[in-house]
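Enquirer: model this:
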Amino acid sequence: MVMVSVVAAAISYALIERPVRERLGSKDGGPVAVRRRGRVTLIAVPFVLLLVAGTSIATTRVSRLAERDDVVMLVGDSVPLHLVPDLESAFAERGWHVVSAAHGGCSVTGETLLVDGGGPVEASEICPDEVATSQDVVLADARPDIVVWWDRFSISGFVTATGEQVVGGSARFWELRQQSLDRAIQHFRDAGADVVLVGTEPPGQEVVHAHCGGEIRCSWLQYQQDRYFDVTQRWNRMLEAAAAPSDDGVTFLDVAPSVCRVLEPRCNDTVGGVPARKDGIHYQAAGIPLIVGLLEDGIAPVMELRTAMLAAP
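Expert: Reported below is the predicted structural model:
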């Protein structure tokens, strides 16, 4: 599976990610609050995640090796997608298998993106069909224990199935975002999985200062900076609220305060003086073991609790 992921990611970069990035740009510490519906745990580790641009990967049919296997499913964009081989290698030591239905340039709920101040992003028109199809295939074949929701594009404006253009941060935006969030969580829960919702952070300062090129790309990055406090943080509060009411298998990981030195639109994510994301988006070099280890630490208590609850008479 790891080899399939690597090859597919390389192919998708050339055929899909590069064109999307040219159109849209790279869309893609203290304690991390892990809030489960009905319970709160503090994990004293910094946590890093963030904004990236498009890759897409063809979902292969990956069934469980045995009924006792623990499976972690990734949904989101190219940030988790690029980490699949590293996550699989690290998680294997715990007996966890990683499967992916992540698509670069797409939100978890798969809308066609709407650039602030512009029109729909043509390259994202595949998102509605591809995201839903791949998620359903992986849910059916792998029957994951945990679905990790990790994307940045839920903060973007989007186009509905009826062609309505919804501006990010508008009243209509929040109404439809809440509906799609609730539907997606219920879909994953109906498939028997617990859900880990990871909050969205601002892009690394490297991408803001050194890698902004092209009108659409710069518009997207500027949008993230300008709307960090009223859109991104509000979205994170919406995720946290979704994990709050009762103990029904939904957890929120609050990551932004741990990675950025100060909670601001331009994130300083340096590790030993070197950016964890040299392009401001994808984890590289020292950033890879950092983020893989932190994801593992964040998922572990959820998996342990799930195992204990399933084993209880």
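Enquirer: Show me where the stretch 201-313 of the chain dips below the pLDDT cut-off.
Expert: Along the stretch 201-313 of the chain, the parts satisfying pLDDT under 70 run over 206-217, 246-247.
Enquirer: Pull out the buried positions in the biggest helix by length in the chain.
Expert: If you go by DSSP state H, the chain has its longest helix at helix 287-311. Within helix 287-311, the residues scored as buried using 16 or more other CB atoms under 10 Å are 287-288, 290-292, 294-296, 298-299, 302-303, 305-306. For glycine as for every other residue, the C-beta is placed from the backbone atoms N, C-alpha and C.
Enquirer: Check stretch 102-119 too.
Expert: Of the residues in stretch 102-119, 102-116 count as buried by neighbour count, 16+ other CB under 10 Å.
Enquirer: Pull the distance from that stretch to the chain's centre.
Expert: 13 Å (CA atoms, centre = their mean, to the nearest Å).
Enquirer: and if you look at stretch 123-142?
Expert: Worked out by CA atoms, centre = their mean, stretch 123-142 lies 15 Å from the chain centre.
Enquirer: With stretch 103-123 instead?
Expert: Relative to its chain's centre, stretch 103-123 lies at 15 Å (CA atoms, centre = their mean).
Enquirer: ditto for stretch 185-199
Expert: 13 Å.
Enquirer: Same question for stretch 305-313.
Expert: In terms of CA atoms, centre = their mean, the centre of stretch 305-313 is set 27 Å apart from its chain centre.
Enquirer: can you check stretch 189-201 too?
Expert: Distance, stretch centre to chain centre, for stretch 189-201: 10 Å (CA atoms, centre = their mean).
Enquirer: what's around His97, how many residues?
Expert: The tally of other residues near His97 (other CB atoms under 10 Å) stands at 19.
Enquirer: For it, which non-adjacent residue is closest in space?
Expert: Val71 (5.0 Å; CB to CB, 6 or more residues apart in numbering).
Enquirer: What strand or helix carries the one you found?
Expert: Using DSSP states H and E, Val71 sits within strand 70-76.
Enquirer: Gly110 too?
Expert: Using DSSP H and E, no helix or strand contains Gly110.
Enquirer: Provide the partner residues of the most centrally placed residue in the chain in its beta bridges.
Expert: By CA atoms, centre = their mean, the chain has its centre lying nearest to Trp150, at 1.5 Å. Trp150 has the following beta-bridge partners by DSSP bridges: Gly76.
Enquirer: From the structure, what's the count of residues near the residue lying closest to Glu111 once chain neighbours are set aside?
Expert: The shortest distance from Glu111 to any non-neighbouring residue, by CB to CB, 6+ apart, is to Phe158 (3.6 Å). Neighbours of Phe158 under the rule other CB under 10 Å: 27.
Enquirer: ok so Phe158 is a strand residue?
Expert: Yes. Per DSSP: H, G, I helix; E, B strand; the rest coil, Phe158 lies within a strand segment.
Enquirer: Before we move on, what's the pLDDT of it?
Expert: pLDDT for Phe158: 95.
Enquirer: residues in contact with it?
Expert: Applying CB atoms under 8 Å, 6 or more residues apart in numbering to Phe158 gives the contacts Ser107, Glu111, Thr112, Leu113, Leu114, Val166.
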